[in-house]
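**Q** Here is the input, now give the coordinates:
(chains A, B and C)
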Amino acid sequence: MLDYITSYLKSDTTPGSAGNLFWAFVYIVLIFLGLSVAVIAMNWLERKILAHMQVRLGPMRVGPHGLLQPIADALKLLIKEDIMPAEADPFVFWVAPVLVVITAFTVFIVVPFGPTHAVTDMNIGVLFMLGVSSLSVLGVVMAGWASNSHYPLMGALRSSAQMVSYEIAMGLAVVSAVLMTSLNKEGTGTLSMIGIVQAQQAQQTWFIFKFFPLGLIAFFIFAVAMVAETNRAPFDLPEAESELTAGFHTEYSGFRWSLFFLAEYSAMIAVSSIAVTLWLGGWMRPFPNGLSGETWDLVFSLIPGLTFLLLAAITFYSTARMPRHPYFKVQTIGLGGFGAVLALIGVVLFIPPVRDRIQDIFWFIAKVAVFMYMYIWYRGTFPRYRFDQLMKVGWKVLLPIGLAVLILTAIAGVMF
Amino acid sequence: MAPITTLHYLVVAAALFVLGVIGVLTRRNVVIILMSIELILNAVNLNLVAFSRIWGLHGQIFAIFVITDAAAEAAVGLGILIAFFRNKETVNVDEIDLLKW
Amino acid sequence: MMPVATTFFFYFLAAVTVISGAGVILRKNAIHSALALIVALLGQAGLYLMLYAPFVAGVQIILYAGGIMVLFLFVIMLVNIEKAQKEEQFNKQWLVGLAAAVALGALFVLVYVKGRALFPDRAIQMPEQSNTQQVAVLLYGNYMFAFEIASLLLLVAIIGAVVMAKKRI
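**A** Okay, the predicted model is just below:
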């Protein structure tokens, strides 16, 4: 029993490929917890960053600088009344958010946080991720139909039409990237997520820079399509409040709505992981070949710890700037404590054994975090697309460009 | 329990096929008949993939083509249904008898 | 790599698939039928995975469960009238149809019992790690012509479906 657990620690594959159920379960639990923390953090970050982009402050009251706002939101949603419309189909009404959440979370079993840090390494990794995220369209359609009301139905139909249209553009961009994995000596590519990052390692270039500008255009197509796929601004007509009174999740309240919300952020993180793995080199640190060698490795391995120490420094600065009034005593202490926790994490990340293990995971999460920031940036900057403009962009602009990029990538791959 | 042989998969496929045939022969709703046809196609696919385990990958290729054709046929069939529904507001197969004498 | 708990998963997935298949043909509400079909398709994808065919399983999930069923749900929502749900669900010849299907089932049972030797169980070596690559070699090698014909067929189906569903041609 004990050597069942410890035998995996010496292997160099993912737990799924090694057949080790215990460690696969541990990884699943870790991913689940990490995803929950990420969604909570995304909630706070979105409100604060949007607010600062709009020259206001965002939530400031609930905790120091609104840090406890997501917890307050979660509590509020949990204790809200659970309303079901009168003529709604109860089974379908119940199943729809469950299906969306399950598909949003299941894709994370193939997401590679490192060369062996995935739950499993399926041979069809990318295909699996695209397929399971296309199942969420079913949940959206069912939610709109089961609500038995006009606005949700129209929102669901529009939302699902949009998601299905942009899946095609996403698929073409993904095929271009997968094509680039086959440009090695044997001529065989791979659909497995870990294999794609290893192909980028072998070809010594991130696929976004390969065959310039083809990799860049494919990445751009995927970046636009993934924003449309997750129904986020500027493609959020189906669920925007001023247009369709919240679209397909209008009739959902309380915990059921929070499931949709959770699934939306998880889907955002999932498609960002696909983009990071396919084009941005996954878990590789920047400049693995340009700035290689022992010293550069050391410098780059210090960055995780430095990041947390920087965050801790910002937190301590904010603590110093808190108003000196008895009402703010608890908040100041709380913020100082938060800063201390961040500093502690930063110091722990300097210890050599931890430092070596955390590298891949840190760079992957950092790149996904950049994508999350871009999502929030788009929401704060771009006006909303009208629905016919949205469909026009998906079919008449992204699809032809995707096809052209695919054909040109194939030609470039054969010629060079 | 006995190890799972090819015959187990064939029995499951046969069960799905018979269920699909019952659906096509006894239901009155056109959409459910179309869905039963999809069940039949899936049963055939399961047979193909089960045999491909013994005889080589050709069964899986055939299954992929069957899935492609099922998509095309579902699209066309549902298009016909919509076109008919516009004429006569019913999805009852017994009432689709415009050409009867 | 030895698969884990094969027997349990086979019986579980087979039960899910067959029971959902029964749900497809027995439910009054067409949306419930479509949901049952989705579950049946997903169970079938699991069975494909057990047969060491991950690519076909992936294609099944993307195309069938994520594409064709969305199409079905759209059309059901367009043509779903309350009147259809309150009507008689099984047609007049249901007894004859059932008898024919049972006869078909009996034929299957006869073939499987009498011809056990026809279904040998020598599984060939099909490593899961290179399934996609091997499928690609066959698909773009031996079956290239069929591949092109399939794409032509899809083009014809797209144009046909669009033309037929248009209000004014």
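**Q** switch to C-alpha atoms for all contacts and neighbour counts from now on
**A** Fine.
**Q** In chain C, what helix or strand scores lowest on average pLDDT?
**A** Counting by mean pLDDT, DSSP states H and E, chain C has its least confident helix or strand at helix C:82-86, which shows a mean of 70.
**Q** Let's check: the centremost residue of the chain is which one?
**A** If you meant another chain, say so; for now it's chain A. With distances taken as Cα atoms, centre = their mean, the residue of chain A nearest its centroid is residue A:269 (0.9 Å).
**Q** meant chain C actually
**A** residue C:41 (5.5 Å).
**Q** where's that residue relative to residue B:67, distance?
**A** Note on residue C:41: its distance to residue B:67, by Cα to Cα, to the nearest Å, is 12 Å.
**Q** Spit out the residues that contact those two alike.
**A** Common contact partners of residue C:41 and residue B:67 (Cα atoms under 8 Å, 6 or more residues apart in numbering or on different chains): C:60, C:64.
**Q** Could you check which helix or strand contains residue 7?
**A** By default, I'm working from chain A. In this structure, residue A:7 sits in helix A:2-7 according to DSSP states H and E.
**Q** Not quite, go with chain C.
**A** helix C:6-26.
**Q** and that helix, anywhere near chain A?
**A** No. Helix C:6-26 stays clear of chain A (Cα under 8 Å from any Cα of the partner chain), getting no nearer than 13.0 Å.
**Q** I'd like to check the angle between whichever helix or strand comes after that helix and helix C:6-26, please.
**A** Once helix C:6-26 ends, the next helix or strand along the chain (criterion: DSSP H and E) is helix C:30-50. Counting by axes from the mean of the first three to the mean of the last three Cα atoms, to 10 degrees, helix C:30-50 lies at 160 degrees to helix C:6-26.
**Q** For helix C:30-50, name the packing helices and strands.
**A** If you count contacts as 3 or more Cα pairs under 8 Å, 6 or more residues apart in numbering or on different chains; DSSP states H and E, helix C:30-50 packs onto helix B:30-55, helix C:6-26, helix C:54-59, helix C:69-79.
**Q** what sits up against that helix?
**A** With contact meaning Cα under 8 Å, 6+ apart, helix C:30-50 is reached by A:92, B:31-32, B:35, B:39, B:42, B:46, B:49, C:6, C:10, C:13-14, C:16-21, C:23-27, C:54, C:56-58, C:60-61, C:64-65, C:69, C:72-73, C:76, C:80.
**Q** List the contacts of the helix holding residue A:7.
**A** Taking Cα under 8 Å, 6+ apart as the rule, helix A:2-7 contacts A:20, A:22, A:23.
**Q** and the residues you listed as a markdown table, adding secondary structure?
**A** Output for those, formatted as a markdown table (DSSP: H, G, I helix; E, B strand; the rest coil):
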| residue | secondary structure |
| --- | --- |
| A:20 | coil |
| A:22 | helix |
| A:23 | helix |
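**Q** Just among those residues, which is most surrounded?
**A** Neighbour counts for the contacts of helix A:2-7, by other Cα atoms under 10 Å in any protein chain shown, peak at residue A:23, which reaches 20 neighbours.
**Q** out of everything not next to it in sequence, what's closest to residue A:365?
**A** Excluding the flanking residues, the one nearest residue A:365 by Cα to Cα, 6 or more residues apart in numbering or on different chains is residue A:113, at 7.8 Å.
**Q** where's the one you found relative to residue A:102, distance?
**A** Counting by Cα to Cα - residue A:113 and residue A:102 are separated by 20 Å.
**Q** Of those two, which one has the most company?
**A** Ranked by neighbour count (other Cα under 10 Å), residue A:113 and residue A:102 place residue A:113 first, with 22 against 17.
**Q** on that earlier part again, quick one: the residue nearest to the centre of chain A and residue A:367 touch, right?
**A** No. Using Cα atoms under 8 Å, residue A:269 makes no contact with residue A:367, being 10.7 Å away.
**Q** Residue of chain A nearest chain C, please.
**A** residue A:131 (4.2 Å; Cα to the nearest Cα).
**Q** so what's the residue of chain C found nearest chain A scoring on pLDDT?
**A** Nearest residue of chain C to chain A (Cα to the nearest Cα) works out as residue C:62 at 4.2 Å. The model reports residue C:62 with a pLDDT of 93.
**Q** With that, I have no additional questions.
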